[in-house]
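[1] Here is my input, please return the structure:
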Amino acid sequence: MRPNLIRGLVVFCAAARYLSFKMAAEDLFITPSAVSHQIKGLEDLIGAPLFERRTRAIVLTPVGAALYSQTSPLLRSLDAVASRFLSKSQRRRVVRISLPQFFASEMLIPRLEQFTKAHPTLDIHVDTTEGREEDFPSQGDAAVMLLPHEPKGFCTYPLFGLKLVPACSPAFAEERRLTEPAALRGCTLIIHKSRPDAWSEWFEANNTQLTTQPRIIELDSMFAVARAAERGLGVALIPLPLAGAWLRSRALMTLFETALDTGERYYFAHRLKDAEDPDIVMLGQWTAEICKPHE
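    Here you go, the predicted structure:
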């Protein structure tokens with residue numbers, strides 16, 4: 001096909017439709033002189049005038065009318081084909097992911113903007129759950145699960161292990177002079193209800209005996225646990241690395257280096273049948289990447 005022939009035909013059909021170079025120019029967002037130049041080039045190529053130019057109007061010549069009647073339907077068909085392919089390439093896609101609430105608020109959501117900017121036609125629908133392995137098949141396309149073992153029957157990306165450390169507000173630590181594990185005996189201890197024995201396990205790992213039963217505040221979300229410690233209600237066992245933002249901002253401070261290794265690990269998982277789904281695989285690889293620095 002000759003160079004610029006399609007462009008010339010598009011300009012010609014616009015001028016023929018409006019019978020006006022000016023209106024064709026406005027429709028195509030070019031200047032009237034550019035319209036005139038394109039049509040003159042097409043006339044030179046064909047070897048015949050396409051318009052009869054009158055004082056205040058233009059009309060199609062017999063050659064121009066014949067060319068318009070045959071070309072206009074072809075251009076409409078080309079436009080429809082291009083629109084269908086453009087619609088496919090720009091169609092919004094959705095990946096539904098379920099994950100624990102604290103993981104969502106502290107790890108995923110603060111970094112989600114960078115992912116959505118890189119993939120503007122992919123929507124992420126987040127459902128916060130406890131991420132139990134047996135619940136996953138009915139909850140979305142992918143999940144982040146906290147488990148003591150790698151889930152079976154899924155494609156998985158291991159993320160990081162979960163460790164718990166004692167933390168409280170800096171003011172609380174200074175007021176109580178919490179310089180050694182034994183000093184925690186007289187403090188209110190804050191715990192997540194899913195881990196009622198975590199404090200006992202932490203004291204045992206630090207070779208510290210509880211002489212009396214401490215006062216316990218038990219809460220049903222890790223966000224509430226961290227917030228209670230921030231407000232000075234006591235000392236909480238908070239998860240690393242998920243609570244990193246709380247520590248960096250000095251809303252909380254860790255008290256001792258010894259962490260309780262829960263033996264559990266976070267996994268990004270999706271079904272085996274979706275192993276070739278580029279959107280799900282891409283989200284899994286990105287999730288693993290943002291978790292890497294925390295290993």
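[2] which phi and psi does residue 234 have?
    Residue 234 adopts backbone torsions of phi 160, psi -160, taken as degrees, to the nearest 10.
[3] Quick check: the residue lying closest to it once chain neighbours are set aside vs residue 239, distance?
    Excluding its sequence neighbours, the residue lying closest to residue 234 (C-beta to C-beta, 6 or more residues apart in numbering) is residue 188, at 3.2 Å. Where you see a C-beta, it was placed from the backbone N, CA and C, and this is true even at glycine. Separation of residue 188 from residue 239 (C-beta to C-beta, to the nearest Å) stands at 19 Å.
[4] Neighbour count: those two, which is higher?
    Shown here are residue 188 and residue 239; by other C-beta atoms under 10 Å, residue 239 has more neighbours (28 against 18).
[5] So the more buried one, which state does it fall into?
    Assigned by DSSP: H, G, I helix; E, B strand; the rest coil, the conformation of residue 239 is strand.
[6] Go ahead and confirm it touches residue 102.
    Yes: taking C-beta atoms under 8 Å as the definition, residue 239 is a contact partner of residue 102 at 6.9 Å.
[7] residues near the closest residue in space to residue 5 that isn't next to it in sequence, how many?
    Counting by C-beta to C-beta, 6+ apart, residue 5 lies nearest to residue 45, which is 7.3 Å off, once chain neighbours are set aside. Neighbour count of residue 45, defined by other C-beta under 10 Å: 12.
[8] Surely residue 45 forms part of a strand?
    No: under three-state DSSP, residue 45 sits outside any strand and is assigned helix.
[9] got the contact list for residue 112?
    With contact taken as C-beta atoms under 8 Å, 6 or more residues apart in numbering, residue 112 is in contact with residue 124.
[10] Find the residues that touch each one of residue 239 and residue 102.
    Residues touching both residue 239 and residue 102 (C-beta under 8 Å, 6+ apart) are residue 222.
[11] The residue nearest to residue 234 touches residue 216, doesn't it?
    Yes: assessed by C-beta under 8 Å, residue 188 is found in contact with residue 216 at 7.4 Å.
[12] immediately after the lowest-mean-pLDDT helix or strand in the chain, which helix or strand?
    In the chain, no helix or strand scores lower on mean pLDDT, DSSP states H and E than helix 62-90, which sits at a mean of 79. Sequence order places strand 93-100 as the next helix or strand after helix 62-90, per DSSP states H and E.
[13] Give the buried residues for that next one.
    95, 97, 98, 99, 100 (16 or more other C-beta atoms under 10 Å).
[14] Also stretch 29-41?
    Residues of stretch 29-41 classed as buried by neighbour count (16+ other C-beta under 10 Å): 35, 36, 38, 39, 41.
[15] Now do that stretch: everything it contacts.
    The contact list for stretch 29-41 (C-beta under 8 Å, 6+ apart) reads 4, 7-8, 11-12, 14-15, 21-22, 24-25, 28, 50-51.
[16] and the two most separated of those?
    Using C-beta to C-beta, the contacts of stretch 29-41 span at most 21.6 Å, a distance reached by 4 and 22.
[17] Thought residue 172 was touching residue 184, still the case?
    No: counting by C-beta under 8 Å, residue 184 stays clear of residue 172, with 11.3 Å between them.
[18] Report the secondary structure state of residue 218.
    Look at residue 218: counting by three-state DSSP, its state is strand.
[19] what separates it from residue 46, distance-wise?
    86 Å.
[20] Equivalent analysis for residue 235, please.
    According to C-beta to C-beta, residue 235 and residue 46 sit 87 Å apart.
[21] same question, residue 126
    Here the distance between residue 126 and residue 46 works out to 59 Å (C-beta to C-beta).
[22] where along the protein do the helices fall?
    Ranges of helices within the chain are 5-18, 21-28, 32-46, 62-90, 101-103, 112-118, 170-176, 198-205, 222-230, 244-248, 278-291, based on DSSP state H.
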